[in-house]
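Engineer: Give the three-dimensional model of this entry:
(one chain, ligands or ions: 1)
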Amino acid sequence: MNSQLEQFPLTRMRRLRSQEWIRNLVAENHIQPSDLIWPLFLIDGNDRVEAVESMPGVFRYTIDRILPQIEQAKNMGISAVALFPLTDPTKKDEKGSESTNPENLICRAVRSIKNNIDGIGVMCDVALDPYTSHGHDGIIKDGVILNDPSVEILCAQALVQAQAGCDILGPSDMMDGRVLAIRNTLEGEGFHNTQIMSYACKYASSFYGPFRDAVGSKASLSGDKKSYQQDPSNGDEALREAALDIQEGADMIMVKPGMPYLDILYRVKKAYGLPTFAYQVSGEYSMIKAAAEKSWIDEKSAMWESILAFKRAGASGVLTYFAMDLAKELQK
Ligand code: PBG
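Structural biologist: Numbers count the residues shown, from 1 in each chain. Modelled structure (predicted):
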């Protein structure tokens, strides 16, 4: 169809918008629970649930309390959960050693989920920031984040997570060469089917603030992450990042944050056609929540609109703190 031939009044665009049923019939994009990955925060201990202050409606759970949440997510059709730990400050050090402890909170949680719940994917971040005393994703020497020594630790972290039963590893650290190193580690240890969803295009963003609060890395973070996360001025660079991760063995890639980077999502999906995900990050979530609390915007419709925008831009799915709210709405 050549839209230049369309002419008023033969064409009236409003005809197909006139009632809800016809809008539904011609909708180009839909959201399903299976499109969603639900990020969840963990704390040590028993029978405890803590509110994350900067993220209304988001909580940190002990392992026993997170299991029913995940069971419910599975029953609602959510495809996967992504786990993030709040690490006890006494377990943090310069090298993030706790990240490679097979008995760390994340590994215990993954084992427990896998022993108790079938049929939902479990994703784990590969990055050192929840474990380092300085809050960076790699190790530091003289104020510089070291690449190759960080990658070595990341491989050890990836391995204990795979051994615990993690389905999807999400390298979110932005060190160079880490996807290849992790993939080789997994292949070498027989984890042929452990998937990698790399945070391929991850920007040095101010929208991660509430998340750093949730995992307790905010207070300790020294400086910024601009020497390893991407510069928001750049788009072509994101295509190179994605290409490298794909060549290094990523099964799926992610663009993060979400809404300010829809152009990147669109370009990366168009260029490579890989399953490509958007992470609607903590700041995006909290902005919607905060504005809704003030009645400045309508929370539900802003939530739908934001997720539809990702799908329209080409996302295979979305990591979002709204996952459970969306799934509940979809069941109605
Ligand atoms: C850790 C990590 C971050 C997020 C996911 N993994 C924060 C960061 O890089 O500082 C952010 C998620 C969010 O804001 O919701 N590397």
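
Engineer: C-alpha only now, for contacts and for neighbours.
Structural biologist: Fine.

Engineer: List the contacts of whichever residue of the stretch 101-250 of the chain sits closest to the ligand.
Structural biologist: Nearest residue of the stretch 101-250 of the chain to the ligand: Tyr208, at 3.4 Å (Cα to the nearest ligand atom). Applying Cα atoms under 8 Å, 6 or more residues apart in numbering, one finds that Tyr208 lies in contact with 281-283.

Engineer: Those residues of this protein touching the ligand, which are they?
Structural biologist: For the chain, the contact set with the ligand under Cα under 6 Å from any ligand atom comprises 127, 129, 137, 172-173, 208, 211, 281-282.

Engineer: Of those residues - the most surrounded one?
Structural biologist: Asp129 (28 neighbours; other Cα atoms under 10 Å).

Engineer: Show the pLDDT at it.
Structural biologist: pLDDT for Asp129: 95.

Engineer: can you check Ser3 too?
Structural biologist: In this model, Ser3 is scored at 68, pLDDT.

Engineer: follow-up on the earlier one: narrow the residues of the chain next to the ligand to those in helices?
Structural biologist: 211, 282 (DSSP state H).

Engineer: This protein: helices as residue ranges?
Structural biologist: 20-26, 63-75, 105-116, 148-164, 178-188, 209-214, 236-247, 262-272, 282-293, 299-312, 323-331.

Engineer: Same list (these) but as TSV, adding distance to Leu42.
Structural biologist: TSV is the format used below for the helices of the chain (distance: least, Cα to Cα, whole Å):
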stretch	distance to Leu42
helix 20-26	38
helix 63-75	7
helix 105-116	8
helix 148-164	15
helix 178-188	24
helix 209-214	9
helix 236-247	28
helix 262-272	29
helix 282-293	16
helix 299-312	24
helix 323-331	17
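
Engineer: Check those helices for me and report the most buried one.
Structural biologist: Of the helices of the chain, the one with the most neighbours on average (mean count of other Cα atoms under 10 Å) is helix 148-164, at a mean of 22.

Engineer: Give me the helices and strands touching that one, please.
Structural biologist: helix 105-116, strand 121-126, strand 168-171, helix 178-188 (3 or more Cα pairs under 8 Å, 6 or more residues apart in numbering; DSSP states H and E).
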